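Visitor: Could you work out the structure for the sequence below:
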Amino acid sequence: MTSKPNRDVIVLSPGDVTLATWRHILRDAPQVSLVAGTHERVAVCHQAILDLIATDRPIYAVNTGFGKLANIRIAPDQLEELQRNLILSHAAGTGELLGDDIVRLVMVMKVTALARGFSGVRWELIENLLVLANAGVYPCIPAKGSVGASGDLAPLSHMAAVLLGLGEVRIEGRIRSGAEGLAHCGLQPMAFGPKEGVALINGTQVSTALALYGLLKAEDVLRAALVTGALSVEAARGNDLPFDARIQAVRGHRGQIDVAAVYRALLADSPIREANRATLKVQDPYCLRCQPQVMGACLDNLRYCGRVLSTEANAVSDNPLVVPEDGEVLSGGNFHAEPVAFAADIIALSLCEIGSLCERRQALLVDASLSRLPAFLIEGSGLNSGFMMAQVTAAALVSENKMMAYPASVDSIPTSANQEDHVSMACHGAYRLAQMADNAATVVALEWLMAAQGTDFHRPLVPSPQLAKAMHRLRVEVPFTDRDRFIATDIAAAKRLLLDGQLNDLVPTALVAETIL
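Guide: Numbers count the residues shown, from 1 in each chain. The predicted structure follows:
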């Protein structure tokens, strides 16, 4: 996805950026500046690293080699070359390029991490990176090559290379050289000082940006699925008793309680239900009846992941860390992205379950013996196949998501001659989320089509006032299906409407307040 920055300006306080702000940066490309006083903290930390170098003590990645080569001392006149060589050798990424929105988020996360004043870099480096981001000059970062420890080394090296005048950038969708990208902003190639190269590439910003992108998409899918799930209850003349607040209260899970309240609001005052009250089933199939339990658990998962990723997005995750107050350099492992890997896996599982439950409702609706609707939601079935194959498409996408949901965090391959002997695999665990969310969004769009079709069979009775809005917004572009037509056009239209947020206002914003907004 390519994007052009806008003129809105936001001021960030490093270490205290909200998820709502990260979302704004990702989706709206505002201009970014840093709160007053940031420069001073960075300058103090940079002077501390210079003072420590003057003592001639060994400092990892400053005057030593990297990884397994940490026991090799580097001469003072080679420190600049050391940092440059690090970027040249570590820019080993491969695969398709990350979208501009993701790269922008990576750049701003790196800026705020360095600006917290524990990395020892010059203010000029932070400033140049921010100038590039604000100008819409985005480094070309291949998606693959990180194992999630020691940070996202390969992809971040492609970002860092641009500051050296190397690599490539994308400006308004056109790929140009890194040197051209700098010139576009009136910048000159830098020579990295002590620790600056390793500070740029040691960190979890790529994994975190990808996971946050997946979280935002999963939140959108969940909100839409609540609406389409309620509409399926209307189409199937389902019982609304399972959404009773007393059922949720005695179990006590916050997500379940909150989701059930949304269903009650969506289903309230339904003429279809009131007209069929005497013939409602005592117990509907689980895909209708257990929506609060399943979707509530997914909401709880996303809320948890929101808290984890909020912490990580504000974290200092390079190594070593400089503590200027104590005059110390601390070697640790904040670059290990295990929290992000776990969060990515949990988001993946949630996307799987949202789609799985959604597809089961579609299977119910097309089955005349369960839905009490025309077979495959079409009159004249036999001559017409209706939504037969649409449900098969949903099944295929759900199955693909199941395959993709295998936990990345349980895998580890030792690297760097066994010095880095346990890694998180967070980066590709997070990278898959975009595809999984797209699959799930398509499944939800398919339910929207089928649930609307089923609900229309109850005319002249109409659904609840809230769900009538969902019906109207779809029917503006996708009419009732009275005979077979080229269904791919309908699917594409429904998905586009869904991704445009046409169902979002039917679910209270407060539902995801802990997660995103």
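
Visitor: which parts of stretch 70-84 are buried?
Guide: Under the neighbour-count criterion of 16 or more other CB atoms under 10 Å, stretch 70-84 has 74, 79, 82, 83, 84 buried. Where you see a C-beta, it was placed from the backbone N, CA and C, and this is true even at glycine.

Visitor: again, but for stretch 89-109
Guide: By 16+ other CB under 10 Å, the buried positions in stretch 89-109 come out as 90-91, 93, 97-109.

Visitor: How about the contacts made by residue 272?
Guide: Neighbouring residues of residue 272 by CB atoms under 8 Å, 6 or more residues apart in numbering: 234, 237, 455, 458, 461, 462, 463, 464.

Visitor: State the mean pLDDT of the strand or helix carrying it.
Guide: Per DSSP states H and E, residue 272 falls inside helix 271-275. The pLDDT scores in helix 271-275 average 95.

Visitor: Please apply the same query to stretch 506-517.
Guide: 68.

Visitor: all strands of the protein, in order?
Guide: Taking DSSP state E as the test, the strands found in the chain are 9-12, 31-34, 94-97, 137-139, 142-144, 168-171, 174-177, 321-323, 328-330.

Visitor: Which secondary structure elements does the third one sit against?
Guide: Going back to what we said before, that points to strand 94-97. strand 142-144 (3 or more CB pairs under 8 Å, 6 or more residues apart in numbering; DSSP states H and E).

Visitor: mind listing what the strand it packs on pairs with, with the direction of each?
Guide: Under the criterion DSSP bridges, strand 142-144 sits next to strand 94-97 (antiparallel) in its sheet.

Visitor: Name the residues that touch the strand it pairs with?
Guide: Outside strand 94-97, the residues that reach it (CB under 8 Å, 6+ apart) are 140, 141, 142, 143, 144, 145, 170.

Visitor: is it true that residue 444 touches residue 228?
Guide: Yes - assessed by CB atoms under 8 Å, residue 444 is found in contact with residue 228 at 5.5 Å.

Visitor: quick one: common contacting residues for the two?
Guide: residue 358.

Visitor: re earlier: so which of the strands of the chain is nearest residue 394?
Guide: Nearest to residue 394 among the strands of the chain is strand 94-97; the distance by CB to CB comes to 26.3 Å.

Visitor: Let me know the closest of the contacts of residue 272 to residue 37.
Guide: Distance to residue 37 across the contacts of residue 272 (CB to CB) is lowest for residue 464, with 52.8 Å.

Visitor: How about the closest one, nearest residue that isn't a chain neighbour?
Guide: Nearest residue to residue 464, sequence neighbours excluded (CB to CB, 6 or more residues apart in numbering): residue 270, at 4.0 Å.

Visitor: Spit out the contact partners of the one you found.
Guide: Residue 270 neighbours (CB under 8 Å, 6+ apart): 234, 240, 463, 464, 467.

Visitor: can you pull the contacts of the nearest residue to residue 293 once chain neighbours are set aside?
Guide: Once flanking residues are discounted, residue 293 sits nearest to residue 256: 5.7 Å by CB to CB, 6+ apart. By CB under 8 Å, 6+ apart, residue 256 lies in contact with 248, 292, 293, 296, 297, 300.

Visitor: before we move on, what about residue 217?
Guide: 433, 434, 437, 438, 441.
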